[in-house]
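Trainee: task: produce atomic coordinates for the following.
(one chain, ligands or ions: 1)
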Amino acid sequence: MDAIRWQEDHLLLLDQTKLPLVEEYIECWDHYVVARAIKILQVRGAPAIGAAAAFGVALAALNYQGDSAEEFEREVNQAIDDLAKTRPTAVNLFWALTRMKAFLESTRGSSIEDRQQAILAEAQALLAEDKAMNEQMGAYGQTLIPESAGVLTHCNAGALATGGFGTALGVIRAAHQAGKEISVFADETRPLLQGARLTAWELMKDGIPVTLITDSMAAYVMKQKLVDLVIVGADRITANGDVANKIGTYGLALLAKAHGIPFYVAAPVSTFDLSLQSGDEIPIEERDSEEVRTLGGTTTAPLEVPVYNPSFDVTPHQYVTAFITDRGIIQAPYLENLQKHMK
Ligand SMILES: CSC[C@H]1O[C@H](OP(=O)(O)O)[C@H](O)[C@@H]1O
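Mentor: Numbers count the residues shown, from 1 in each chain. The predicted structure follows:
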């Protein structure tokens, strides 16, 4: 279930807006198609957005037909700027674009053809590294999951949201592969249903027991002692450990605290933004009102009803039991420990 695949001379993106019923890839021959795919969530999930954007930069480089080094850099930098405007919250997008920009500059002096191939190789390396980080994260994180645990997760932080294996779902996969008979409760995750459409699909494909619940059922499931821990992904984590993640995550963290349930956040180094001191500084994407007024193309609200549609919320660090990262499990105090481990 690769969300992102390079095929000879173009990029394939699994169209996640069509899952779970249709498994279809879109062909990307330029960075404009990649930018649109990110904006409309054909590809989504913080690390996957970064990796897709990196390949968008590679496509811009490969599509240059001239022989001027200055013009080549100008066109690739324009693609980087275009891709940076797609979605504001997941820092992985900007982390990936910054890396590709620095790499572009590091290739100065080589022939344009050599630069084009090197930039493509850098995007491929970024994708492979992300999957390897997820597998490392899974190995660390599964040690926190008890045998036969009930695990609740929100949105989709799986293979579809990353370069493969997943962050939160990567930890779940690793626990399952370690023989722990865990069961998962997946929040459907309104309004775009990443949990119902994507997480349930991923876990069922892997034979991992999953029960789909509506977002409003989480408290009742916890009250019945069916949940031993919560594990989610992240889109941006600031220096003090505040966490931006899919809307609804903050409420889950409050519920977990109220029920004495551990609340873990799984994220690779590319999700940490130590330049921001707290979650108050994280830009929160607001998306189209139609996403809330409709469901699967059916209107479910008055056509003109006003809508507020923030795509993310921020969970204060006080509610995070620990971060599961590719560099180990990081406990509080986060300001000190993130600086030490996540530079
Ligand atoms: C691997 S973390 C993925 C992260 O991104 C999701 O948001 P979206 O589906 O809008 O890209 C959600 O916040 C997940 O936790």
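
Trainee: for the stretch 201-343 of the chain, what spans make up the strands?
Mentor: Here the stretch 201-343 of the chain has its strands, by DSSP state E, counting those that start in this stretch, at 210-213, 229-232, 236-238, 243-246, 263-266, 272-273, 294-295, 298-299, 312-315, 322-325, 328-330.

Trainee: for Asp81, give its distance to Val221.
Mentor: 44 Å (CB to CB, to the nearest Å). From N, CA and C alone the C-beta is placed, and that goes for glycine too.

Trainee: more neighbours: these two, which one.
Mentor: Shown here are Asp81 and Val221; by other CB atoms under 10 Å, Val221 has more neighbours (18 against 11).

Trainee: any idea how far the more buried one lies from the ligand?
Mentor: In this view, Val221 and the ligand are 19 Å apart by CB to the nearest ligand atom, to the nearest Å.

Trainee: got it, and Asn337?
Mentor: From Asn337 to the ligand the distance is 21 Å (CB to the nearest ligand atom).

Trainee: same question for Asn92.
Mentor: From Asn92 to the ligand the distance is 8 Å (CB to the nearest ligand atom).

Trainee: residue contacts, that residue?
Mentor: 46-47, 49-50, 235, 270-271 (CB atoms under 8 Å, 6 or more residues apart in numbering).

Trainee: of the residues you listed, buried ones?
Mentor: Buried members of the contacts of Asn92, counted by 16 or more other CB atoms under 10 Å: 46-47, 49-50, 235, 270-271.

Trainee: how about the residue of the chain found nearest the ligand: what's its closest non-neighbour residue?
Mentor: Here the residue of the chain nearest the ligand is Gly233; by CB to the nearest ligand atom that distance is 2.8 Å. Distances taken as CB to CB, 6 or more residues apart in numbering put Ala157 closest to Gly233, at 2.7 Å, once the chain neighbours are dropped.

Trainee: looking at this, the one you found is in a helix?
Mentor: No: assignment of Ala157 by DSSP: H, G, I helix; E, B strand; the rest coil gives coil, placing it outside any helix.
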